[in-house]
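Q: For reference, the sequence and a predicted model appear below.
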Amino acid sequence: GAVVSQHPSWVICKSGTSVKIECRSLDFQATTMFWYRQFPKQSLMLMATSNEGSKATYEQGVEKDKFLINHASLTLSTLTVTSAHPEDSSFYICSARPPIGQGANTEAFFGQGTRLTVV
Amino acid sequence: AQSVTQPDIHITVSEGASLELRCNYSYGATPYLFWYVQSPGQGLQLLLKYFSGDTLVQGIKGFEAEFKRSQSSFNLRKPSVHWSDAAEYFCAVGTYNQGGKLIFGQGTELSVKP
């Protein structure tokens, strides 16, 4: 199956700093990628839909100025947590699906996730 | 509104016993349905998926699931559980035209006792 790579796997940062997480589709082009957040012992909640060449679409309650999403190319989306605080500590996971014509009837592929700890 | 419900937050079964994890969904369009497994601190692993066709779907690790449209359910089953199956299980629903956007259930934590 297709591969989605997420980097870094884990990161520790100081409160008030910014952290960038990368999500790459390694063997297919993804015009759309998705970012999820998972708090401990909870489910995955969709944060935003990342659209190549246009602005991201954020889910209700997600601060777009705090979670900056840039879909720089057809294989890369980045999530930047700005001015991070301890309550932003979470597991962040991205996903992408090959577009129509490249195996459309298939599932989204998930990255390995990034464990963010803000101290 | 779209939603996925996993009624059981935590299930404990004995090793070798059968397992059924419940999943109910609410979705207006024709759903794509998935089961994922997650070990502590790890990412998601796809167990199986349903897009169309045969409503009984076989997955990896001996898991299967049955799509029942009349009951809006997609329950996961395994005839004989192994200790290594202990993990968190998530049911998810999506649609073709949403390009892979998924709504997840709350998850069911499976414990396996020897």
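A: Noted; the coordinates are in hand. Residues are numbered from 1 along each chain as shown, chains lettered A, B, ... in the order given.

Q: which bits of chain A sit near chain B?
A: Within chain A, the residues that sit near chain B (CB under 8 Å from any CB of the partner chain) are A:31-32, A:34, A:36, A:42-46, A:49, A:93, A:95-97, A:99, A:104-105, A:107-108, A:110-113, A:115. Any C-beta I mention is one placed from the backbone N, CA and C, and that applies to glycine too.

Q: ok, now with 7 Å
A: For chain A, the contact set with chain B under CB under 7 Å from any CB of the partner chain comprises A:32, A:34, A:43-44, A:46, A:49, A:93, A:95-97, A:105, A:107-108, A:110-113.

Q: Out of the residues you listed, which end up buried?
A: A:32, A:34, A:43-44, A:46, A:49, A:93, A:95-97, A:107-108, A:110-113 (16 or more other CB atoms under 10 Å in any protein chain shown).

Q: what stretches of the chain score poorly on pLDDT?
A: Picked chain A for this. A:1, A:100-106 (pLDDT under 70).

Q: nope, chain B
A: In chain B (pLDDT under 70), the answer is B:96-99.

Q: interface residues of it facing chain A?
A: Residues of chain B lying near chain A (CB under 7 Å from any CB): B:34, B:43-44, B:46, B:49, B:51, B:90, B:99-102, B:104-107.

Q: which of those residues are buried?
A: Buried, going by 16+ other CB under 10 Å: B:34, B:43-44, B:46, B:49, B:51, B:90, B:99-102, B:104-105, B:107, out of these.

Q: Looking at the residues of chain B next to chain A, which are in strands?
A: B:34, B:44, B:46, B:49, B:90, B:104 (DSSP state E).
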